[in-house]
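Enquirer: Below: sequence and its predicted model.
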Amino acid sequence: MDRLQRLSEALNALVEKALFAIGAVICLILFAQVLFRYAGASIGWSEEVSRHLLVAITFLGGTSAYKRAGLIGLRGLGHRLGPRTEAAIRAVLQALTAALFAGLLVFSAAYTVKAWEHTTASAQIPMAVPFAAIPAAMAIFLIHALAGFGPPRRPTRS
């Protein structure tokens with residue numbers, strides 16, 4: 001389990017660097033688009049590529065928020081029923097969460113493969129390229145969920 005937790009931490013560090021880079025690329029593309037439009041020209045693919053990058057940043061950002069326990073959490077019934085019951089409820093919820101991410105990984109990967117034949121309107125790249133962010137994020141979510149089994153973890157701050 002220790003290796004899985006180290007992998008989860010390493011993936012999260014990599015994702016956070018990627019989020020910064022993707023955000024910077026979106027800013028540069030949109031800034032260039034504004035400059036080109038002001039000059040009377042237009043970058044035809046800029047809006048489409050920015051939109052696809054925004055989708056990627058959304059899914060990958062979700063993995064980082066999940067890892068940092070930054071998503072909305074609720075204290076449920078288990079808290080009032082004692083530590084053993086709370087631990088059992090937490091284990092069931094973690095198993096269900098991991099199963100959900102595994103199912104989403106399978107379906108999103110299959111959908112991504114099917115989308116290979118279709119291309120984007122402006123950039124003319126296979127739709128599988130922007131769609132690949134979804135199964136990648138689901139795989140990262142799954143690793144984070146599996147690494148989270150065990151005692152409750154405190155949210156990490158950095």
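Expert: Yep, that arrived. Residues are numbered from 1 along each chain as shown.
Enquirer: give the contact list for residue 32.
Expert: Applying Cβ atoms under 8 Å, 6 or more residues apart in numbering to residue 32 gives the contacts 43, 46. Quick note: C-beta positions are derived from backbone N, CA and C, even for glycine.
Enquirer: Now name the helix or strand holding it.
Expert: Secondary structure from DSSP states H and E places residue 32 in helix 2-38.
Enquirer: Run the angle between the following helix or strand past that helix and helix 2-38 for me.
Expert: Using DSSP H and E, the helix or strand that follows helix 2-38 in sequence is helix 46-67. Helix 46-67 runs at 150 degrees relative to helix 2-38, counting by axes from the mean of the first three to the mean of the last three Cα atoms, to 10 degrees.
Enquirer: Give me the residues contacting helix 46-67.
Expert: Residues contacting helix 46-67 (Cβ under 8 Å, 6+ apart): 8, 11-12, 15-16, 18-19, 22-23, 25-26, 29-30, 32-33, 70-71, 120-123, 129-130, 133-134, 136-137, 140-141, 144-145, 156.
Enquirer: Nothing else from me, thank you.
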